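Participant: the sequence isn't on hand, but the structure is:
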Ligand code: HEM
């Protein structure tokens, strides 16, 4: 083999890059971590079915925002007939007042970063990251 | 025809994953067994092909020299285009790998009225290739959020930079536009340019369509058909820690995405995509032009059996003398 030294070094770097997450997680020991989301409200259900909320709450918020800001429609009738005010700070955070143990915990797990919404919207007290 | 074949092949792959992943056994197949098989093929295949390439002899320096060679001290040497030292080679390779420098010099030949053959600069291929590869890299890095816990900070940084435009929720990512646009351009190029069209094989069309499939399914998943991302991460972390679990209720769009990625990985070592490793092993780029200054011994030189004049004379002395030819030894 020609230039064996250099090629082997290259291959080792390749293997290290490919397997990096394996070593990283072995070192951090957090591979089986799953965020525990605390629900602090007495309500039984969210504003939409839980499956939908898990996957699409950001779309719901976006729709609410557009409807409120552009069309002035502030009332939302949930799937179970309850009527809510379309509001991030009042409605969502009214029930999920523990932002750090709920929203942030899941967002940290999924590396969503810090949604820029809180630049303007009020966070529940003591709930900041 | 070849393009159509590739398109149909990818559609069949999508349908396979779509209907196959429905049952819980199917989800295990598409979520665990096939990804494991694919990554194994990928790693072994790449290593095998690199080792195979490494066995080809490189007896002599054959860099493409596009500039003045290093010679006498007062002649200006072009160290990037005709490198004479390790530093020059490393710089040349880095520009090649990171900026696709040779592709930047790509020209196109056209027959204009006359008929006149005209060469012109053609930067679009370079631009498309650069946009594609860099977006791809950034997207791959961003995917590390599924494979690491805690997620390293720089990955979040990449994501917020990428979503800089803050259009929509979740924010539209610049790389998603760039990668789709670049792939569409690179594929369209194979239809619109007659010369390129005629030399395009299935091996050229299929990877492009497959990548388009991977990217489109990913983009659809982010913006249109949402899936349960924490569950996806559970699955990914299970794979990484060799402790696979398939959480229920991940949408089939995810299995389509993952299956297309698995096919890509498994196909990779057998395909032209091996240029990922090949670029590092290109003798026309990675060798210093030291042919004249350093003695390169041909590695397969064997002792050559020579017949010297003395031996020749010993053999034929009598005959030579008889014919009246002069001999050196009586
Ligand atoms: C060749 C490898 C891959 C490519 C090119 C690719 C490409 C993409 C693209 C372009 C997106 C759109 C969103 C974004 O850019 O972040 C995406 C999203 C996604 N990919 Fe991949 N992907 C690859 C491998 C994987 C693997 C191995 C997984 C398994 C965990 C995966 C899971 C996902 C998920 C869950 C999403 C949705 C993310 C979201 O909703 O924000 N991808 N992919």
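Facilitator: Yep, it's here. Just so you know, these numbers come straight off a predicted model, no measurement behind them. Residues are numbered from 1 along each chain as shown, chains lettered A, B, ... in the order given.
Participant: let me see the mean pLDDT of stretch A:64-73.
Facilitator: Averaging the model's pLDDT scores along stretch A:64-73 yields 92.
Participant: contact partners of it?
Facilitator: Applying Cβ atoms under 8 Å, 6 or more residues apart in numbering or on different chains, the external contacts of stretch A:64-73 come out as A:74, A:76, A:86, A:87, A:88. Quick note: C-beta positions are derived from backbone N, CA and C, even for glycine.
Participant: which positions in chain B make contact with the ligand?
Facilitator: The interface of chain B toward the ligand, taken as Cβ under 6 Å from any ligand atom, is made up of B:136, B:139-140, B:142-143, B:146, B:173, B:175-176, B:179, B:214-215, B:218-219, B:221-222, B:229, B:232, B:236, B:254, B:257-258, B:261, B:264.
Participant: show me chain A divided up by domain.
Facilitator: Listed by automatic domain parsing, the domain ranges of chain A are A:1-33, A:34-129.
Participant: for residue B:193, which of those is the nearest?
Facilitator: Go through these one by one with Cβ to Cβ and the one that ends up closest to residue B:193 is domain A:1-33, at 33.6 Å.
Participant: pull out the buried positions in that closest one.
Facilitator: Using 16 or more other Cβ atoms under 10 Å in any protein chain shown as the burial criterion, the residues of domain A:1-33 that qualify are A:7, A:10, A:11, A:14, A:21, A:24, A:25, A:31.
Participant: what about it, near the ligand?
Facilitator: No: shown here: domain A:1-33 not in contact with the ligand (Cβ under 6 Å from any ligand atom), separated by at least 10.7 Å.
Participant: show the backbone phi and psi for residue B:225.
Facilitator: The phi and psi torsions at residue B:225 (degrees, to the nearest 10) take the values phi -100, psi 90.
Participant: quick one, grab the pLDDT at it.
Facilitator: According to the model's per-residue confidence, residue B:225 sits at a pLDDT of 90.
Participant: ok, and the closest non-adjacent residue to it?
Facilitator: Using Cβ to Cβ, 6 or more residues apart in numbering or on different chains and skipping the chain neighbours, the partner closest in space to residue B:225 is residue B:253 (4.7 Å).
Participant: please, which helix or strand holds the one you found?
Facilitator: helix B:252-267 (DSSP states H and E).
Participant: farthest pair within the buried residues of domain A:1-33?
Facilitator: Of all pairs drawn from these, the widest gap by Cβ to Cβ lies between A:7 and A:31 and measures 32.4 Å.
Participant: neighbours around the nearest residue in space to residue A:53 that is not next to it in sequence, how many?
Facilitator: Take residue A:53 and drop its neighbours on the chain: the residue closest to it by Cβ to Cβ, 6+ apart is residue A:46, 4.8 Å away. By the criterion of other Cβ atoms under 10 Å in any protein chain shown, residue A:46 has 20 neighbours.
Participant: what about residue A:46, which SS state?
Facilitator: Assigned with DSSP: H, G, I helix; E, B strand; the rest coil, residue A:46 falls in the coil class.
Participant: helix or strand: which one has the residue positioned nearest the centre of chain A?
Facilitator: Nearest to the geometric centre of chain A sits residue A:107, at 3.0 Å (Cα atoms, centre = their mean). Secondary structure assignment for residue A:107, by DSSP H and E: helix A:103-109.
Participant: where does the prediction get shaky in the chain?
Facilitator: In the absence of a named chain, chain A is used. A:1, A:126-129 (pLDDT under 70).
Participant: would you mind listing what in it touches chain B?
Facilitator: Taking Cβ under 8 Å from any Cβ of the partner chain as the criterion, chain A approaches chain B at residues A:1-4, A:7, A:10-11, A:14-15, A:18, A:21-22, A:24-26, A:28, A:30-35, A:51, A:54-56, A:58-59, A:61-62, A:106, A:108-113, A:115-116.
Participant: thanks a lot, see you next time.
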